[in-house]
Every structure is written in structure tokens, then in C-alpha cells.
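S.K.: need coordinates for the following:
(one chain, ligands or ions: 3)
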Amino acid sequence: MPTLVIEGSQWGDEGKGKITDYYAQIADVVVRSQGGNNAGHTITINNEKFALRSIPSGIFNPHIKNILASGMVINPKQMLEELHGLEARGITKYNLYISNRAHVVLPYHELLDGAYEKYKGDHKIGTTKRGIGPSYSDKANRIGIRMGTFIDEEDFKESLSETLKIKNAELKMLGLEELDLNTIFDEYKIYAKEIKRYVCDTSLLIEEEIERGSKILFEGAQGVMLCLDHGTYPYVTSSSPTGSAVPLNCGIAPSYINNILGICKSYTTRVGEGPFPTEIESDIASYIRERGHEYGTVTKRPRRVGWLDCVELNYARRVSGINYLSLMLLDVLTGLDEIKICYKYEIDGKEIDYMPATIKELNKVKPVYLSLKGWDEDISNVKSFDKLPENAKMYVRKIEELTKASVALISVGPDRSQTIKIKEIF
Ligand code: GDP
Ligand code: IMO
Ligand code: MG
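M.R.: Numbers count the residues shown, from 1 in each chain. Ligands and ions are numbered 1, 2, ... in the order given. Sure thing, here's the model as predicted:
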């Protein structure tokens, strides 16, 4: 199968970076299709840890074409810092392509992100404050600046001057200082000059690669439940991280997508505000948080922790086209006597097996759990499904039954080598 979508099937941070890097060993192209530097993808190669934000996880392989597609919002300053940081660590041979239709994140986007959060007070979303929402809003409002414009000095200055009139009015309204056109222009034109060499029509490039028979990975950011359309709105991000949105975000035909792999933790986590039906706050949550190092890659916030929610996963499968799952961090559950899986919700005394749409209902649902026995064996070096403890195997089979998706990979540690392949899907 020449194409594979790697998609977060929960609330983000499922381990998409690790799995993209795993498959990147046999891929020719890795494409980031949406989001921006709100993402934090951790990759561990021979005990060396990298945290990628805007750059695709294929960057470590010199033969891979790494593409930032048109659905992304890119902060040029941060992206160049990330690139220079990688170069300083010896990653000097890489191929990078940036869509001329991707949007540029500018200083007013970050300022507005912070200001909106402040104004929302108790109703804040808990964003990463990287300007993602304001940048996608400008795109929808048709006042965004795209890469193709950004790298043309004259065009950039003209667009920035027009946009800044509106943005300064907005900043002033929110009690912030207005920004100076020339200060931004003089700083950002330098970034634009450096970025120019990477900018091209990535839709054309991806089609050429598909026609050539290249193996292409689409690296999702965030997760289905953070999707602007299908997530726990308004506690979501401002793009669509679903597999079904990949063709739109990349400018390619839907028929080019072969498999969609939902990356899913063996439990659930969430950073930021919003409903989380299976959230737990007991000692078990602390046990999982510490064993799984559940602290945000971008903001370092402790992640909220809960049991695996198969109502949510089944919903994610349905709305985004997941056909396989990669079950992550199974090693973290080692040592628990009992492991719970949510298979239904109860709301107002009624049992349901779907995700309600409103926050009011989501805040009311009570998870209904199945209880399974845990295991004590260290599984972090297990290389095949057969060698897993019987109770771990039962856990995996139960998840397949409840989500209607088949498990293609199991991850038992952060390193590339700590991955059990069950099915060949790429
Ligand atoms: P992403 O945003 O989906 O790429 O995920 P993050 O990188 O934000 O968070 C996943 C975390 O889990 C990272 O620290 C990974 O190194 C780590 N990780 C991934 N897979 C495993 C696993 O199977 N076991 C353990 N213990 N850690 C893992
Ligand atoms: P990766 O790709 C986890 C969350 C934020 C917040 C909400 C909106 O590493 O899985 P935003 O800054 O996007 O406007 O924030 O979305 N969020 C993520 N949570 N992992 C991510 O990315 C996230 N990107 C955004 O915490 O709740
Ligand atoms: Mg992350």
C-alpha cells in the first residue's frame, strides 16, 4: 500500500511522532497536512530524544521528501529555529518543501490568542497560545497571508499593511498595543528570504510522487476529538486532524488514500480544558501520569489522564475513516491489578453508545466500564504479540471488538525498536 495516514484518534499526544518515524524507515515522502507549532511530536532514536513542532518526522532520513502542505499554519520564526536546532544536532542533510498555499503565523496571531483566552476567563479553551486559532480565523476571513505572498517582498509588505489595519484595530479593542508595520516587515522579510528556497506547489509534488509509486506517509497533528468539526467544540483546535480531511489539506484526490491508522494510547489523556468522560483523578491517574511521563511537549502542562474510552474511539473511527489502530504505551499499564475500558455512556438514566454533540450533554455522561485483569510482567522488550502476557492480549482483543478497528501495531516503549508489528499496512 503506497499511502498511509497517521492520525491521532483521541485528544492528541497519542504517539504520532513515534509511529511516523517508525514507518519513515520505509517511506519516501512524509507530509504534515494541518496544524502548526501547537503540535509536539516526540521521537526517540537510540535513546536520543527529539521534539518536533512544525517539521515532519521524516526529517531524520536524508532520502525522504518532507512536505508542509497547504492545510498548515506555519510560524516562520519558530520553524527556522526548529530547523537550526536540528542542524546543530547533526541533522544537516534533509529535503524540505513548503506549500505556497500554507498560511503564515505572524506576531499578532500569538498576541490575539493570548488575549482571547484571557477574555474568556473561566471559559478559556486552554490553547497552546501559538496563534493557531487567530491564524485559521484570518484564513477563513480571507485576510491571511500565504507562503507564496510571504516570500515576495513587495507582495508581503502590501498584504501585511492591509491586514495590520484590521489586526491593530482588533488588538486595540482587546486592550493591547498596536504593532508597527516596518518592525514586523524588517524582521520577517529576513525569515522569508531563508524560507523561499523551500516553497513550491506541494499538491503537484505529491501527485508526481504518487504517480512515481513512492511510499507516502501523512503525519497528522492533534487528534479527532480536537477536530474543529467533529471534536468537543468549542474545546478544540482550529483545523481538522481527521484522515478524511487529508486530501483537502494536501490538495490531492481522496482516492489516493489507502489506509488510515488511528494512533491511540492504551488509556486516554487530554491537555487543556473541555469534557473528558473517562477522566480519573485517583492514585491510578498519578501512577499512569508518572509512568507515561504525561506532561505536555509544547507547554509542559500535566496531562489529564483517564481510562480508555471505546465510545470515543468508535466515534473517531466513524467520522475520520480509521481502519487500523496503533495501540501505544501499553507498557505504562504494567503493574495495575485492574484495567477498565469504557464501552458505553449513561446519560439521564439512559445508556448510549455514541458521543453526544453538546458540551452540556458531554459533561453529564457517565462512563460505563468493563473491568479486565492487569499484568505485572515487564513488556517493554516484547517483540511479538504471542509473547505478551495473556491479560494484555485479552485487553487488545477487547479493544478491537469494541472499536471495530483492527490493531496493526502495539507500542511498548518510546524507542523505534519497541514496536510490535501485527499487520502489514504500508
Ligand atoms: P504525538 O504528539 O502524538 O507525537 O505524541 P507526543 O510525542 O506528544 O507524546 C507521546 C509520548 O509518549 C512521547 O513522550 C513519546 O516518547 C512517548 N511514547 C510513545 N510511545 C510510547 C510507548 O509505547 N511507551 C512509552 N512508555 N512511551 C511512549
Ligand atoms: P499533537 O500533534 C495535544 C489542544 C490544546 C487546546 C486545544 C486548542 O502534539 O498531538 P490550539 O493551540 O490548537 O488552539 O489549542 O487543542 N492541542 C493539543 N493537545 N496535542 C496536540 O498536538 C495539541 N495541539 C493542540 O491543548 O486544548
Ligand atoms: Mg504531542
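
S.K.: now do the strands in the stretch 301-426 of the chain.
M.R.: 304-306, 308-309, 324-328, 338-347, 350-352, 366-373, 406-411, 419-421 (DSSP state E, counting those that start in this stretch).

S.K.: how about Leu83: what's its closest non-neighbour residue?
M.R.: Spatial nearest neighbour of Leu83, chain neighbours left out: Ile55 (6.5 Å); criterion: C-beta to C-beta, 6 or more residues apart in numbering. Placement of C-beta: from N, CA and C, glycine included.

S.K.: wait, isn't that neighbour in contact with Leu80?
M.R.: No - assessed by C-beta atoms under 8 Å, Ile55 is found out of contact with Leu80, at 10.3 Å.

S.K.: what parts of this protein come near ligand 3?
M.R.: Within the chain, the residues that sit near ligand 3 (C-beta under 5 Å from the ion) are 13, 40, 297.

S.K.: could those go into TSV alongside neighbour count and distance to ligand 1?
M.R.: Formatted as TSV, those follow (neighbours: other C-beta atoms under 10 Å; distance: C-beta to the nearest ligand atom, whole Å):
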residue	neighbour count	distance to ligand 1
Asp13	27	4
Gly40	19	5
Thr297	18	4
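
S.K.: what sits against the residue of the stretch 51-200 of the chain at minimum distance from ligand 1?
M.R.: Closest contact between the stretch 51-200 of the chain and ligand 1, by C-beta to the nearest ligand atom, is at Ala51 (7.1 Å). Ala51 makes contact with 40-43, 297, according to C-beta atoms under 8 Å, 6 or more residues apart in numbering.

S.K.: need the phi and psi values for Asn66.
M.R.: phi -100, psi 120 (degrees, to the nearest 10).

S.K.: what is it paired to in the beta sheet?
M.R.: Val30, Leu96 (DSSP bridges).

S.K.: the nearest residue in space to Ile74 that is not next to it in sequence: how many residues sit nearby?
M.R.: The shortest distance from Ile74 to any residue other than its chain neighbours is 5.3 Å, reached at Ala102 (C-beta to C-beta, 6+ apart). Ala102: 26 surrounding residues under other C-beta atoms under 10 Å.

S.K.: got it, and the one 3 residues further on?
M.R.: The number of residues packed near Val105 is 30, by other C-beta under 10 Å.

S.K.: how about the residues of the chain near ligand 2?
M.R.: Counting by C-beta under 6 Å from any ligand atom, the residues of the chain lying close to ligand 2 are 8, 12-13, 38-41, 125-128, 130, 132-133, 221-223, 226, 237-238, 271-272, 297.

S.K.: among those, name the buried ones.
M.R.: In the residues of the chain next to ligand 2, burial by neighbour count holds for 8, 12-13, 38-41, 125, 127-128, 130, 132-133, 221-223, 226, 237-238, 271-272, 297, counting by 16 or more other C-beta atoms under 10 Å.

S.K.: now, which of those lie within helices?
M.R.: Counting by DSSP state H, those place 132-133 in helices.

S.K.: what average pLDDT does the strand or helix carrying Lys139 get?
M.R.: Element membership of Lys139 [criterion: DSSP states H and E] is helix 132-140. Helix 132-140 shows a mean pLDDT of 98 in the predicted model.

S.K.: next SSE downstream of that helix?
M.R.: Per DSSP H and E, the helix or strand that comes after helix 132-140 is helix 147-150.

S.K.: between the top helix by length along the chain and helix 132-140, how many degrees?
M.R.: Criterion DSSP H: the longest helix present in the chain is helix 153-173. Calculated by axes from the mean of the first three to the mean of the last three C-alpha atoms, to 10 degrees, helix 153-173 forms an angle of 120 degrees with helix 132-140.

S.K.: how far does helix 153-173 sit from the chain's center?
M.R.: 30 Å (C-alpha atoms, centre = their mean, to the nearest Å).
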